[in-house]
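Novice: output the structure for:
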Amino acid sequence: MTTETLPALTPLLRERRSIRTYDDTHVLADADLRLLLEAARWSASAGNSQPWAFLVGRRGDAAHRGFVELLSRGNTSWAPRASALLFSLHQVATGPEEDALTYSDYAAYDLGQSVAQLGVQAAALGLSIHQFAGFDHDALAAAAGVPPHWRVTTGIAVGLALPDGPEADALLRERDHRPRVRKPLAEVAYGGTFGAALEL
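Specialist: Next comes the predicted model:
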């Protein structure tokens, strides 16, 4: 099923794409970066625990240069062109001690919600994000001084999509424009029994 079959879906979701062709002249303004992080900050969380954090580097600054060095080979072909690279973290224990209690069974879920809200806010600003896992998580944690009761989770490239043209890498552009496909709703939404499609 493609998004073309869902015309009533809000355009902020219907037109979302994880692009790889970013305009490397675009500068992410402080106000826009703040809005993205505020969108994440105001997400719902279990018991209002807010078990998330973000490391942020904007193209050209020292943090960004350090982040780029830790990207996987496949991501170095496109991610550095984005206006900013963010890395999400979630809290996994109440403190750094080896015997510290698990912080929340739902921390990773809550982080996912906050990043989803960040993505919707990005779309509202005319920006695109691409979430990725291809980077050296342990090296990033060490370089950024992430305490042991936090876990580096995902990378998030943020920027302005590069218009189609000779500047856009042909292979990356082709990947950016492939039809978005999802499983039929009957395969993910059930009634009272797992596997029994919800009748709508």
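Novice: setting aside sequence neighbours, what's the nearest residue to residue 144?
Specialist: residue 55 (5.4 Å; C-beta to C-beta, 6 or more residues apart in numbering). Backbone N, C-alpha and C define where each C-beta goes, glycine included.
Novice: give me the beta-bridge partners of the one you found?
Specialist: residue 87 (DSSP bridges).
Novice: does residue 190 really touch residue 200, like I thought?
Specialist: No - contact between residue 190 and residue 200 fails when scored by C-beta atoms under 8 Å: they sit 11.5 Å apart.
Novice: have a look at the two and say which one is more surrounded.
Specialist: Neighbour comparison, residue 190 and residue 200: the larger count goes to residue 190, with 12 against 6 (by other C-beta atoms under 10 Å).
Novice: which stretches of the chain form helices?
Specialist: Assigned by DSSP state H, the chain shows helices spanning 11-14, 30-41, 62-68, 107-124, 137-144, 170-176.
Novice: just the C-alphas of the third one, formatted as CSV.
Specialist: To tie it back to what came earlier, the one meant is helix 62-68. Below are the C-alpha coordinates for helix 62-68, written out as CSV (Å, rounded to 0.1, in the frame of the first residue of the first chain):
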residue,chain,number,x,y,z
ALA,A,62,33.4,21.0,16.0
ALA,A,63,30.7,18.7,17.2
HIS,A,64,29.6,18.0,13.6
ARG,A,65,33.1,17.3,12.5
GLY,A,66,33.5,14.8,15.3
PHE,A,67,30.2,13.1,14.5
VAL,A,68,31.1,12.7,10.8
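Novice: packing partners of that helix?
Specialist: With contacts defined as 3 or more C-beta pairs under 8 Å, 6 or more residues apart in numbering; DSSP states H and E, the packing partners of helix 62-68 are strand 52-58, strand 84-91.
Novice: the last one packs against which elements?
Specialist: Packing partners of strand 84-91 (3+ C-beta pairs under 8 Å, 6+ apart): strand 52-58, helix 62-68, helix 107-124, strand 150-159.
Novice: determine which stretch of these is the most buried.
Specialist: strand 150-159 (a mean of 22; mean count of other C-beta atoms under 10 Å).
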